[in-house]
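Enquirer: Below is the structure, and that's it, no one-letter string:
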């Protein structure tokens, strides 16, 4: 849980001189897994375990406030400033390739406009392009082919004058399959490039 805590919870610490310092912990919805945050003081605990629920800790020698339930709109309004300093959640797309080539499959060609829109949403974007292959053929050649696939996506972005703050292009070859197969097996879903946009 600890790696997700920063993403899943926000802390609001008002600094008014005439009020003691307090901390509010809000659990955000990460859209995929169940998270929880235990807010503890010297005298008690409150488990914040539902999306958009929250508690406030007024002092270490007092119990945290009882759990309150919010909704996305209320949390967005109440913690607007804090939420807008959080990093945007990364987006990713998978592009598939014809066997033995660095040519996009027909279905993946249709996703190129979607990729440009995702990058525009994050501009200036940090982009990681990761090439993969299936296990048909020689492993070293597959590593080279996976890199060529990643380079083809990079070239598409360069041709479209994308504003980037960072771009990395790597090959995982046949070492990180979506679908595990024995050596020598051709698997379309493993012939892919993953593009992660932050």
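Expert: Yep, that arrived. This one's a predicted model, so the numbers in the text were calculated from it and none came from an experiment.
Enquirer: quick one, phi psi at the nearest residue in space to residue 114 that is not next to it in sequence?
Expert: Excluding its sequence neighbours, the residue lying closest to residue 114 (CB to CB, 6 or more residues apart in numbering) is residue 93, at 6.5 Å. Yep, even glycine has a C-beta here, placed from its N, CA and C like the rest. Torsion angles at residue 93 (phi, psi; degrees, to the nearest 10) stand at phi -130, psi 150.
Enquirer: how about the helices in the protein?
Expert: Remark: helices assigned in the chain by DSSP state H are 2-8, 72-78, 80-83, 106-109, 112-122, 139-159.
Enquirer: what ranges of the chain fall below the confidence cut-off?
Expert: Low-confidence segments of the chain, defined by pLDDT under 70, span residues 1-20, 32.
Enquirer: how about the strands in it?
Expert: Using DSSP state E, the strands of the chain run over residues 9-12, 23-27, 37-40, 45-48, 53-57, 68-69, 91-96, 125-132, 164-173, 192-197.
Enquirer: who touches the fourth one?
Expert: Outside strand 45-48, the residues within contact range by CB atoms under 8 Å, 6 or more residues apart in numbering are 9, 25-27, 36-39, 54-55, 63-67.
Enquirer: Check which residues of it are buried.
Expert: Counting neighbours by 16 or more other CB atoms under 10 Å, one finds that the buried residues in strand 45-48 are 46, 48.
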